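Novice: Quick one: sequence and predicted model below, then my questions.
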Amino acid sequence: MFNRKEHKEGTKYAKLCELCVNLAPFVVKKMKAKINNFEVDLSKPIDISIPLSNTEDNPIAWYIEKPEIKAVVFGDWTGSVKEGASTNFNNIHFNPHGHGTHTECLGHITKEFYSINQCLKQFFFLAELVSIEPEIQGEDAVITKNQLQPLLNGKTTEALIIRTLPNLATKKRQNYSNTNPPYLSEEAAIFIRENGIQHLLIDLPSVDKEHDEGKLLAHKAFWNVKDVTNLNADARLNCTITEMVFVADTVLDGSYLLNLQIASFENDASPSKPILFKIADF
């Protein structure tokens, strides 16, 4: 940072300092954006992603081990400053579907390759956050259409974020393998699709039942995929599902601006960082 006291009056550095001071209030003000009839404060992001690490605190699904983050080794050289290298130089081994917050496209379930990097081309959306305690049906816990209907209540939104209750902090480090987590009913997924919602975010490892004999009813219903081998023309190529988010209790149900960030992987899914911003009328 420039300090006016350190530079003689009239010098270019002093003038630059003066300019920075004069612009400071303007910069802070410009962090607020007006969109249609709403205002959002971009200086107050709400991160609902789960960090990826190589520790026991990393969430896991689908019967795999925790991620690996290891220094590259070439002969007697190790890519670690602790080991004498000039930089840290790590390889990372992980699976986007099983190791934390990720966003996927319909290429997750189709024979033909589709990439999340090609399907997701817009990154800001109006979103609605709802909290639901899944309904017990036998041995399953299911999010149903009847639960979603009154919560949306005719609202038009581009993205829907579902926070399941109880909202335990253990979601951030849960091993979901063979636990039969809650899931979304096919009817609920159809309801979401028919309401024009393009992006679905949920704090579970999958929108479908863990052991479902490969039916993937909710995935297919949301993306409107009728044939995974020969994709139908009206399948929803630009729509996404984001799984394994975590929304803290301090974040209230309601409307938000969503910034859905992904890494540019040419793959059916990518680790992602969904960010929410509160919406206020003006």
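Specialist: Received, thanks.
Novice: Quick check: beta-bridge partners of residue 39?
Specialist: Counting by DSSP bridges, residue 39 is bridged to residue 34, residue 280.
Novice: now it: how far from residue 256?
Specialist: 13 Å (Cβ to Cβ, to the nearest Å). All C-beta spots, glycine's among them, are computed from the backbone N, C-alpha and C.
Novice: Neighbours of the closest residue to residue 131 other than its chain neighbours, how many?
Specialist: Among residues not flanking residue 131 along the chain, residue 163 sits closest, at 4.6 Å (Cβ to Cβ, 6 or more residues apart in numbering). As a burial measure, residue 163 scores 21 neighbours (other Cβ atoms under 10 Å).
Novice: okay, and the common contacts of residue 39 and residue 256?
Specialist: Shared contacts of residue 39 and residue 256, defined by Cβ atoms under 8 Å, 6 or more residues apart in numbering, comprise residue 279.
Novice: So which of these two has more stuff around it?
Specialist: For residue 39 versus residue 256, neighbours defined as other Cβ under 10 Å are more numerous around residue 256 (24 against 16).
Novice: With adjacent residues omitted, what lies nearest to residue 155?
Specialist: Nearest non-adjacent residue to residue 155 (Cβ to Cβ, 6+ apart): residue 128, at 5.9 Å.
Novice: Now for that neighbour: which residues touch it?
Specialist: So residue 128 contacts 152, 155, 157, 159-161, 254-256 (Cβ under 8 Å, 6+ apart).
Novice: Show the low-confidence segments of this structure, by residue range.
Specialist: Across the chain, the ranges flagged by pLDDT under 70 are 1-30, 281-282.
Novice: can you list contacts of the helix or strand where the residue nearest to residue 131 lies?
Specialist: Assigned by DSSP states H and E, residue 163 belongs to strand 159-164. For strand 159-164, contacts defined as Cβ under 8 Å, 6+ apart pick out 48, 125-134, 143, 152, 182, 184, 192, 197-204, 245, 247, 253, 256, 258, 260, 274, 276.
Novice: which is the next helix or strand following it?
Specialist: Assigned by DSSP H and E, the successor of strand 159-164 is strand 183-184.
Novice: Distance from the chain centre to that following strand, please.
Specialist: Averaging C-alpha positions (Cα atoms, centre = their mean, to the nearest Å) puts strand 183-184 17 Å from its chain's average.
Novice: burial of the closest residue in space to residue 269 that isn't next to it in sequence, as a residue count?
Specialist: Leaving aside its sequence neighbours, residue 269 sits nearest to residue 104 (Cβ to Cβ, 6+ apart; 3.8 Å). When neighbours are counted by other Cβ under 10 Å, residue 104 registers 27.
Novice: Residue 104: what's it in contact with?
Specialist: 96-97, 116, 240-243, 268-270.
Novice: let's see it at 6 Å
Specialist: By Cβ atoms under 6 Å, 6 or more residues apart in numbering, the contact list for residue 104 reads 241, 268-269.
Novice: for residue 71, same thing?
Specialist: Counting by Cβ under 6 Å, 6+ apart, residue 71 makes contact with 78-80, 90.
Novice: repeat that for 8 Å
Specialist: Residue 71 is in contact with 78-80, 83, 85, 88-91, counting by Cβ under 8 Å, 6+ apart.
Novice: Roughly how far does the residue nearest to residue 269 sit from residue 154?
Specialist: On the measure of Cβ to Cβ, residue 104 and residue 154 end up 28 Å apart.
Novice: sorry, back to before: beta partners for the residue nearest to residue 269?
Specialist: As for beta bridges, residue 104 partners with residue 241, residue 269 under DSSP bridges.
Novice: what about it, distance to residue 82?
Specialist: In terms of Cβ to Cβ, residue 104 sits 36 Å off from residue 82.
Novice: To what extent is the nearest residue to residue 256 once chain neighbours are set aside buried, counted in neighbours?
Specialist: Spatial nearest neighbour of residue 256, chain neighbours left out: residue 276 (4.2 Å); criterion: Cβ to Cβ, 6+ apart. Residue 276 is flanked by 24 other residues according to other Cβ under 10 Å.
Novice: Show me the beta-bridge partners of residue 276.
Specialist: Here residue 276, judged by DSSP bridges, has bridge partners residue 46, residue 258.
Novice: quick one: contacts for it?
Specialist: 45-46, 48, 127, 129, 161, 251, 256-259.
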